[in-house]
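> Make a model of this:
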Amino acid sequence: MAMEFNLYVLAACFLLLCLLAYQEVKRANKHWLIARLTATLLAVVTLALMAIPITANYESRQHNSTLILLTPGFNADSLDHLPQKRYFTDETLAPLLKGKANFIPDLAYHLAATPAIKKVSVYGYGLPDEELKKLENIPLEFHPAEKPSGIIACHWNDQLHEGETLTVQGQYHNSSPKALNLKLMGFGQTLDSAQITAKATAKFSLQHPLRQKGRALLKLVALQGKDTLNQELIPIQTIAKTSLKITILGSSPGFEYNFLKRWLYENRYQVALRNRISKAQYSIEFLNRTSFELNRLSTQLFQKEDVLLIDQQEFENLSTPEKQAVKQAVGQGLGLILLAQQPNSTEPWIKSLNLAAGKKQEKINQLSLQQTKLATLPEQVPFLIGNIADQQALVLDGASIVAVQRLYGKGNIVATTLPQSYQWSLAGHQHDYALYWTTLLEAAARAKNPTYLLQALGNAPGAGNRLNFTLATPAPTVPLINHHQQSLSSKQNMLFDNRWQFHDWSFQPGWQSLTINGQKHYFFVFGKENWQALSANQRLERHIAHAALHTPTNNSPETKILTQKIVSKWWFFIAFVFAAGFLWFENRLYNKN
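Residues are numbered from 1 along each chain as shown. Predicted coordinates for the structure are as follows:
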C-alpha cells in the first residue's frame, strides 16, 4: 500500500511539474525564466517529499554485551547520543519515551534469556531495590541524574509516650536560587520551623512536645513565599503514659519536695508523700491516688510501688526492720532514688557510692544529661560521686559525676547529689527540670511486663511495595499474625529468640492494622506521591555504592549499529514556502511592470 501511494504521488507531481513548466515557457515575458523554472521544480519536489517519508541512515557503536536501562530522572536530551537499543522497566516512563525504548516486564527473565549481556548501564535515579538485587553478579555502569530537590533524608520517632518530644531530623536539598522555610505543621498550627538557604543542602531538626493521644498525621511543608514547594506526611502514634506509683519519704518539708510533688501531680504520676515533722510525727499527702497506711514501712507496702524516693537523712532515720524492708523490696524490683546529702555515712549503700567533696563553685554551668547540656544552676554541688565500674553515669558536671544508676538484684538504684533542682523551675527552665526528673524516674522505675513492639523497616513504606516488619514479643513462642483476615508467617531471629521478621503487601495508602495474638497494632503506608525526593536520593546512593563494587571492564567487543531515522517534514515545508513565495513575488512584480 505504501509503495502504491508513493507511485501515485510521484506521478501526480510529475504531471504537475510538466504543466507548470509548460506555462512558464509559453509566458510572454521571458524575464527570470531560469529562476522561475528552478523555483517551480523546487516547489513540486518539496511537495512530493512532504507526502513521501524520507529516511536517513545513522551509524552508532555499542558493546555487544551492554544492556542500557532508562530509569526515572534520566536526561531526555541524552537519548539522541545513546544507541538505538534502549530499555526500561518502569511502566510510568512509557508516555515519556513514546516508543524510543523497549519495555522489559521482567528484568531477571530478560537477563536469563540473554546470557550475552555482561554489563548493564543505568541512566537516571536507578532501579528499585528488588531489581537492583537481580544485578548482583553483573557489572554496573551508573550514569546518575542530578540530586533531586526536596527532602532527601528524614528520620523521626514515630512511636512516643504522652509528653515526650517529637524530633524530626533530616536533610533538605534546595536547588532554587531563593531561600525557603521548612515547617512542621499539625493540629491546626505551626509546631516548629527552620530556614533552608538557597542553592544548598542543609540539615534540619524540628521538635515539638506531644500531649495528644492516639494516631496523628503531621505535615512537613516547604514554603517559598506563598508557594508550597513540597509537602510530606509525618505519621505518629502517641501512647498513653504509664502512671508510675511513687512514694516519697522526706526528712523534712522543703522547696525541693514542694516543687517536685507539684510537677509529679501535673504530669499525672500517682504520688504518696511523707515528710517527717518530728521523731514520730509525719505530714502525709496523696496525689492522684487513694490513701493508704504510710506510717509503717514494709515489704508488702512496696510491692505495689514503682519508685521509692528518699533522702539520705531520712534513710538513716529509718529503723533497722524498715531499712531491711526497703533493701528487700529493691532486690525484688522496686526502683530507688536516693538524694545523697553528706559524703560521710556509715550506711553500706551510701558508702558504696564513693562520695567525695567537690570543688566549690558559685554556679554549675557544665551540667549535661545524655549528651544534652542543661541550664546553669546558681548552687554548687557539695560533693560528687566516684567513678565505679558497676555504676552508669546519668548526669555529669563537666567530667565529674552528679547522678548514677546501678543494679541491685532485680531493681535499680539511682543516686544524685544535686541538692536544689527546683532552681531550674524558678529560673523558667521547665524543660530542663522535666528532663532531669523524667530521666531519673525512668532509670529507677520497676521493670514492666514486656509488650509487643512492631516496627516497619524503611523510612517510607509505600503502597504496592513489599512491606518488611520486625516484631519483638514477650515470649519466644511463635506469634499469630493476621492482616486482612489472612495469616502471615514469620521467621525467628537467629540471635534473639523473641524477635521475628515477616513481610506483607498493601496496595492502599493510609493507616493499616495488624492483629498480633489478638492485639491490634497500627502502621502507616505512604502513597506513591509521598517522599519522592527521598526515595530518588536513596536510589542514587545505593546505585553509586553498587557500581563501586561492580566496576565493568572495557574489553568487551563493539558492534556498528546502522539505524534509520525519518527526516523531519518541516525542512521540506520551509523550502516549499520559499519557492512558492518567490514565484508569487515575481508574478506580482511582472504585473506592475
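> Give me the below-cutoff pLDDT ranges for the stretch 451-593 of the chain.
Counting by pLDDT under 70, the ranges of the stretch 451-593 of the chain that qualify are 458-460, 464, 552-565, 590-593.
> Which parts of it are strands?
Here the stretch 451-593 of the chain has its strands, by DSSP state E, counting those that start in this stretch, at 453-456, 466-472, 481-483, 486-488, 491-492, 499-505, 510-516, 519-525, 558-566.
> and if you look at the stretch 51-200 of the chain?
Secondary structure of the stretch 51-200 of the chain by DSSP E, counting those that start in this stretch: the strands cover 55-63, 66-70, 87-88, 102-103, 119-124, 140-144, 150-156, 159-161, 165-174, 180-186, 189-196, 200-209.
> so where do the helices sit in this protein?
Counting by DSSP state H, the chain has helices at residues 2-26, 33-51, 94-97, 107-113, 129-133, 255-266, 299-302, 312-317, 320-331, 348-351, 422-426, 430-444, 532-549, 569-592.
> of all the strands of the stretch 51-200 of the chain, which lies closest to Pro348?
With C-beta to C-beta as the measure, strand 159-161 is the member of the strands of the stretch 51-200 of the chain nearest Pro348 (35.6 Å). C-beta here means a position set from N, CA and C on the backbone, and glycine is covered the same way.
> For that closest one, what is the distance to the chain centroid?
Offset of strand 159-161 from its chain centre (C-alpha atoms, centre = their mean, to the nearest Å): 17 Å.
> Burial check on the nearest residue to Lys183 once chain neighbours are set aside, number of neighbours?
Spatial nearest neighbour of Lys183, excluding adjacent residues (C-beta to C-beta, 6 or more residues apart in numbering): Ser193 at 4.5 Å. Residues lying near Ser193 (other C-beta atoms under 10 Å) number 14.
> Surely Ser193 and Leu206 touch.
Yes: contact criterion C-beta atoms under 8 Å: Ser193 and Leu206 qualify, at 7.2 Å.
> shared neighbours, the two?
The contact sets of Ser193 and Leu206 overlap at Leu182, Leu184 (C-beta atoms under 8 Å, 6 or more residues apart in numbering).
> Name the nearest residue to Ala447, ignoring sequence neighbours.
Spatial nearest neighbour of Ala447, excluding adjacent residues (C-beta to C-beta, 6+ apart): Gly333 at 6.4 Å.
> who's in contact with that neighbour?
By C-beta under 8 Å, 6+ apart, Gly333 lies in contact with Gly409, Lys410, Gly411, Arg446, Ala447.
> check contacts around the closest residue to the fourth one other than its chain neighbours.
It refers to Arg446. The shortest distance from Arg446 to any non-neighbouring residue, by C-beta to C-beta, 6+ apart, is to Asp306 (4.5 Å). Shown in contact with Asp306 (C-beta under 8 Å, 6+ apart): Leu244, Lys245, Ile246, Leu334, Gly335, Ala445, Arg446.
> And Asp306, its phi and psi?
For Asp306, the backbone dihedrals (degrees, to the nearest 10) come out as phi -100, psi -40.
> Same question for Thr290.
Backbone torsions of Thr290, given as degrees, to the nearest 10, read phi -80, psi 160.
> How many residues are close by Val122?
Residues near Val122, counting by other C-beta under 10 Å: 25.
> That one pairs with what?
Val122 has these beta-bridge partners by DSSP bridges: Leu69, Phe142.
> what sits up against the longest strand along the chain?
Secondary structure of the chain per DSSP state E: the longest strand is strand 227-239. Applying C-beta under 8 Å, 6+ apart, the set of residues contacting strand 227-239 from outside is 149-151, 154, 156, 158-162, 166, 168, 176, 180, 184, 186, 210, 212-223, 511, 522, 524, 526, 530-531, 533.
> any idea of the mean pLDDT for it?
For strand 227-239, mean pLDDT is 89.
> Chain neighbours aside, what residue packs nearest to the residue nearest the centre of the chain?
Closest to where the C-alpha atoms of the chain average out (C-alpha atoms, centre = their mean) is Cys154, at 3.4 Å. Residue nearest to Cys154 in three dimensions, not counting chain neighbours: Gly170, with 3.5 Å by C-beta to C-beta, 6+ apart.
> OK, contacts around that neighbour?
Contacts of Gly170 by C-beta under 8 Å, 6+ apart are Ile151, Ile152, Ala153, Cys154, His155, Lys203, Phe204.
> which of those count as buried?
Neighbour counting by 16 or more other C-beta atoms under 10 Å classes Ile151, Ile152, Ala153, Cys154, Phe204 among the contacts of Gly170 as buried.
> surely the last one meets His173?
Spelled out, it's Phe204. No: using C-beta under 8 Å, Phe204 is not in contact with His173, being 11.4 Å away.
> hang on, isn't Leu384 packed against Ala403?
No: the criterion here is C-beta under 8 Å, and Leu384 misses it with Ala403 at 10.2 Å.
> that older thread, now a ChimeraX select for only the buried ones of the contacts of strand 227-239.
For the buried members of the contacts of strand 227-239, the matching ChimeraX selection, counting by 16+ other C-beta under 10 Å, is:
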select :149,150,151,154,156,158,160,162,166,168,180,184,186,210,218,220,221,222,223,524,526,530,531,533
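> What count of nearby residues applies to Gly254?
Residues contacting Gly254 under the criterion other C-beta under 10 Å number 15.
> So for it, what's the pLDDT?
88.
> Make 7 the first number, not 1, from now on.
Happy to do that; since the first residue is 7 now, the last one works out to Gly260.
> any idea how far Glu322 is from it?
Computed as C-beta to C-beta, to the nearest Å, the Gly260 to Glu322 distance reads 17 Å.
> ok, back up a step: just put the strands of the stretch 457-599 of the chain in JSON lines and tack on distance to Lys91.
Output for these, formatted as JSON lines (distance: least, C-beta to C-beta, whole Å):
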{"stretch": "strand 459-462", "distance to Lys91": "40"}
{"stretch": "strand 472-478", "distance to Lys91": "31"}
{"stretch": "strand 487-489", "distance to Lys91": "43"}
{"stretch": "strand 492-494", "distance to Lys91": "42"}
{"stretch": "strand 497-498", "distance to Lys91": "41"}
{"stretch": "strand 505-511", "distance to Lys91": "34"}
{"stretch": "strand 516-522", "distance to Lys91": "42"}
{"stretch": "strand 525-531", "distance to Lys91": "37"}
{"stretch": "strand 564-572", "distance to Lys91": "7"}
